[in-house]
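Enquirer: sequence-free structure coming up:
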């Protein structure tokens, strides 16, 4: 039954990925004869499910039911067309685009995205993906000897590897790693309590760096990061740096990064290609103003200046590359606004719960979460 829970929630999380694109496609399990929708007028906003799939995602393979939205996403034609427009503009007059137009496009995108996540644009930069964001921060940090880095067993493998590299290479000298283990399935609150116990252990080394998931990748769990940090601070004080991996949060839950920063989150990153339905190659890194000095892109390019400067200019130019997915985030935000942010998230949430009941009824298990 434990593995049934794991398989079920994995399927449910994946299925929410096609909620906006072709959400009710799974109902063909119940009635295959009614799985082919009628032709829709795509000039109007289509209904959720198969109708929206036909109008907004006609490029998806008809013989393939795409579930893995959490890994690779699925951008609608509105987004793909926007990205292609920027890509074409970069070919028409490359000098004009890269020397003058690009920085304006990136700054506009930063402002729009910052507004969406409740942040100040000067504290947010655009990167290709969360992998780049994590490496930019982790490989820029110097941690004090005699301290510990804390993560959980749910931490994404890429984040684990970035931390392991810093420890194994000796760049974080005399710093130890503590992995807080979770025996899943367990309620979110119980996992948080286990983590808090580790962070408030007064007999252990002080925590210099805490890595949290906002929504973990697999298994799936939503962490109350503000609560965890508040409890940890009662012992660790203000010297503990906090990095939150929000790869799966952007587009799934409302974000107010200014509030999270005020509560002790120093670094926050998220992908836009997953649940915001942007093109792959678009993500952001948000850093508290007090912690921006000394943070540099994972790839050092022409705009490197010094430890005291470089934010956000260094991140606006990371070499000659295809930047078009980044301003393409504006199209993803436009698509979200057309549908309605609450409606978009609400539909996927309801679908996930419906699918959970669907599979549990056939596996004769109980739903472990509301």
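Expert: Yep, that arrived. Remember, it's a predicted structure, so these values are computed and weren't measured experimentally.
Enquirer: rest of the way, CA atoms for contacts and neighbours
Expert: Noted.
Enquirer: now the strands for the stretch 251-370 of the chain?
Expert: 267-271, 283-287 (DSSP state E, counting those that start in this stretch).
Enquirer: tabulate the ones you listed (CSV), appending mean pLDDT and distance to residue 234.
Expert: What follows is the strands of the stretch 251-370 of the chain, written out as CSV (pLDDT from 0 to 100; distance: least, CA to CA, whole Å):
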stretch, mean pLDDT, distance to residue 234
strand 267-271, 98, 20
strand 283-287, 98, 23
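Enquirer: export these to TSV and tack on mean neighbour count and distance to residue 158?
Expert: Converted to TSV, those look like this (neighbours: other CA atoms under 10 Å; distance: least, CA to CA, whole Å):
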stretch	mean neighbour count	distance to residue 158
strand 267-271	27	13
strand 283-287	26	15
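Enquirer: among those strands, which comes closest to residue 297?
Expert: Between residue 297 and the strands of the stretch 251-370 of the chain, the tightest spacing by CA to CA is seen for strand 283-287, at 10.3 Å.
Enquirer: now the strands of the stretch 251-370 of the chain in JSON lines, with distance to residue 90?
Expert: JSON lines is the format used below for the strands of the stretch 251-370 of the chain (distance: least, CA to CA, whole Å):
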{"stretch": "strand 267-271", "distance to residue 90": "24"}
{"stretch": "strand 283-287", "distance to residue 90": "20"}
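Enquirer: and of these, who's closest to residue 49?
Expert: strand 267-271 (23.6 Å).
Enquirer: strands paired with that closest one, and their directions?
Expert: For strand 267-271, the paired strands and their directions (DSSP bridges) are strand 241-245 (parallel), strand 283-287 (antiparallel).
Enquirer: quick one, the helix or strand where residue 208 lies and strand 241-245 angle?
Expert: Take DSSP states H and E as the rule and residue 208 turns out to sit in strand 207-213. Angle of strand 207-213 versus strand 241-245, following axes from the mean of the first three to the mean of the last three CA atoms, to 10 degrees, is 10 degrees.
Enquirer: mind listing the strands strand 207-213 pairs with, and their directions?
Expert: Assessed with DSSP bridges, strand 207-213 is paired to strand 147-152 (parallel), strand 241-245 (parallel).
Enquirer: got the ones you listed as TSV, with mean pLDDT columns?
Expert: TSV is the format used below for the strands paired with strand 207-213 (pLDDT from 0 to 100):
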stretch	mean pLDDT
strand 147-152	97
strand 241-245	98
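Enquirer: any chance of the ones you listed in CSV, with distance to residue 165 and mean neighbour count too?
Expert: CSV is the format used below for the strands paired with strand 207-213 (distance: least, CA to CA, whole Å; neighbours: other CA atoms under 10 Å):
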stretch, distance to residue 165, mean neighbour count
strand 147-152, 13, 21
strand 241-245, 17, 22
